[in-house]
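A.B. asks: test case, fold it:
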Amino acid sequence: MPRRRFRRWILILGVAVFGLALVIQLVPYGWHHPNPPVTADAPWPSDAARRIAVTSCYDCHSNETDWPVYSYVAPMSWLVRKDVEDGRDELNFSTWDEDDNDADDAVETIESGSMPPRRYTLIHRDASLSSEEKAVLIEALRIIDEQR
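C.D. replies: Residues are numbered from 1 along each chain as shown. Next comes the predicted model:
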């Protein structure tokens with residue numbers, strides 16, 4: 001009898017979890033994935049620097065976000081959408097004409113190792129920056145900052 005009761009509770013729990021997973025898909029936040037137009041791309045001093053930035057930064061810090069399949073399924077859609085919104089607010093390479101010394105702040109966050117964030121590089125292995133890539137990106141951002 002106890003074994004039967006245990007199976008029943010597992011079944012009920014499984015149905016409840018599945019039902020909850022379906023219901024949270026109805027929350028509209030994260031459904032729409034806007035990529036506004038690029039008004040002015042950052043003036044990268046080299047193709048290498050731009051390539052590194054596109055690979056490691058542009059998904060959250062530009063209007064050229066590549067929205068992966070999991071960004072359409074809650075709760076991941078909520079997390080991805082929030083990260084992109086926060087990233088664009090902090091620094092947006094696609095609206096460089098509206099920049100207000102964000103390049104200098106970007107240098108500091110790259111040097112500290114907090115960008116790109118670990119939760120992003122766990123899924124996007126190619127976004128991890130080697131020491132050489134960090135140096136190229138930091139130098140490019142400093143050159144861009146000096147041009148302002």
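
A.B. asks: for residue 67, which residues are in contact?
C.D. replies: Taking C-beta atoms under 8 Å, 6 or more residues apart in numbering, we find residue 67 in contact with 33, 80. Placement of C-beta: from N, CA and C, glycine included.

A.B. asks: ok so it is a helix residue?
C.D. replies: No. Counting by DSSP: H, G, I helix; E, B strand; the rest coil, one finds residue 67 to be coil, located in no helix.

A.B. asks: how about the helices in the chain?
C.D. replies: Under the criterion DSSP state H, the chain contains helices at 2-23, 47-56, 58-61, 76-90, 102-112, 118-123, 131-147.

A.B. asks: go through those and name the closest to residue 34.
C.D. replies: Among the helices of the chain, helix 76-90 comes nearest to residue 34, with 9.2 Å by C-beta to C-beta.

A.B. asks: what helices and strands are in contact with that closest one?
C.D. replies: Other helices and strands packing on helix 76-90, by 3 or more C-beta pairs under 8 Å, 6 or more residues apart in numbering; DSSP states H and E, are helix 58-61.

A.B. asks: for the helix it packs on, give the mean pLDDT please.
C.D. replies: Per-residue pLDDT values over helix 58-61 give a mean of 96.

A.B. asks: what comes up buried for stretch 110-130?
C.D. replies: Residues of stretch 110-130 classed as buried: 110, 115, 116, 120, 127, 129 (neighbour count, 16 or more other C-beta atoms under 10 Å).

A.B. asks: can you tell me the closest non-neighbouring residue to residue 40?
C.D. replies: Counting by C-beta to C-beta, 6 or more residues apart in numbering, residue 40 lies nearest to residue 97, which is 3.8 Å off, once chain neighbours are set aside.

A.B. asks: please apply the same query to residue 104.
C.D. replies: Distances taken as C-beta to C-beta, 6+ apart put residue 145 closest to residue 104, at 5.3 Å, once the chain neighbours are dropped.
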